[in-house]
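Give me a model of this one.
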Amino acid sequence: MDLEDPDEVYELAVEALRRFRGAMGPTTAEVEEADVMRAILGEVRAIRDGLER
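Numbering: from 1, shown residues only. Next up is the predicted model:
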């Protein structure tokens, strides 16, 4: 297979990768934040349960 313009193909691939990574960024951050919030909530509940005893 012979490409007529390899630089153009490279640029298209790089741009597609940037779009993909940009679309994934906020989703990943939201999932991580939700996990952290659940962990904090679990700790707060454990503290409250310990104080009530």
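
alpha carbons only for contacts and neighbour counts from here, please
Will do.

Can you give me the distance of residue 12 to residue 19?
11 Å (C-alpha to C-alpha, to the nearest Å).

no, scratch that, I was asking about residue 32
For residue 32, the distance to residue 19 - C-alpha to C-alpha - is 21 Å.

Likewise for residue 4?
Counting by C-alpha to C-alpha, the gap from residue 4 to residue 19 is 25 Å.

more crowded one of those two?
residue 19 (11 against 8; other C-alpha atoms under 10 Å).

Where does that one fall, secondary structure wise?
With elements taken from DSSP states H and E, the one containing residue 19 is helix 6-52.

Give me the distance between that helix and the centre of its chain.
Going by C-alpha atoms, centre = their mean, to the nearest Å, the spacing between the C-alpha centre of helix 6-52 and its chain's C-alpha centre is 3 Å.

Start at 285, not 1
All set: I'll call the first residue 285, so the last point we hit is now helix 290-336.

for it, what is the average pLDDT?
With pLDDT averaged residue by residue, helix 290-336 scores 81.
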